[in-house]
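In: Return atomic coordinates for the entry below.
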Amino acid sequence: MQTTKFCLILTLLIYSFWYDFTVLKIFLGVYGIMLAWHIFFPAKLNGLRKKITIATWSEPQEANIHAGLDYNLTAFNEYKAQAKEKYGLTITPTHLAIKAMGESLAAGPGLNGKIVFGKYIPYD
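Out: Numbers count the residues shown, from 1 in each chain. Sure thing, here's the model as predicted:
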């Protein structure tokens, strides 16, 4: 955005020097008024949107458990190639991850829960 403004101002100045000084006078007048306005009425550091953000921001209230695992996906890549060749389907690692999450939650329903007041409570 700054580059666009700079090019516009430069074009305006070149035009005013070569063709008509009236454009330059108008530009400098408007720029002077804008500069004076910003000197006498400085912008507030915290606008309304920033104030609302500050007022409503708080520490996280949810207890989430995150884990990271590394997997060997050579078998998945072979299956993906077979499915593409046989059925014309495009299978991504996201499909695999969602299927694995569903299977793990079905196998161990106690894994799906929340922590309330320091105690683990499984979802029904």
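In: Could you give the number of residues near residue 105?
Out: The tally of other residues near residue 105 (other Cβ atoms under 10 Å) stands at 13. To be clear about C-beta, it is placed using only N, CA and C from the backbone, and glycine gets the same treatment.
In: pLDDT wise, what is the nearest residue to it once chain neighbours are set aside at?
Out: If you skip the residues right next to it in sequence, residue 105 has residue 112 as its closest partner in space, 5.2 Å away by Cβ to Cβ, 6 or more residues apart in numbering. Predicted confidence (pLDDT) for residue 112: 80.
In: again, but for residue 87
Out: Among the per-residue scores, residue 87 shows a pLDDT of 93.
In: still on that earlier bit, just give the number of residues close to the residue nearest to residue 105.
Out: Using other Cβ under 10 Å, residue 112 has 13 other residues around it.
In: mind listing the strands for this structure?
Out: Listed from the start of the chain, the chain has strands (DSSP state E) covering 113-116, 119-122.
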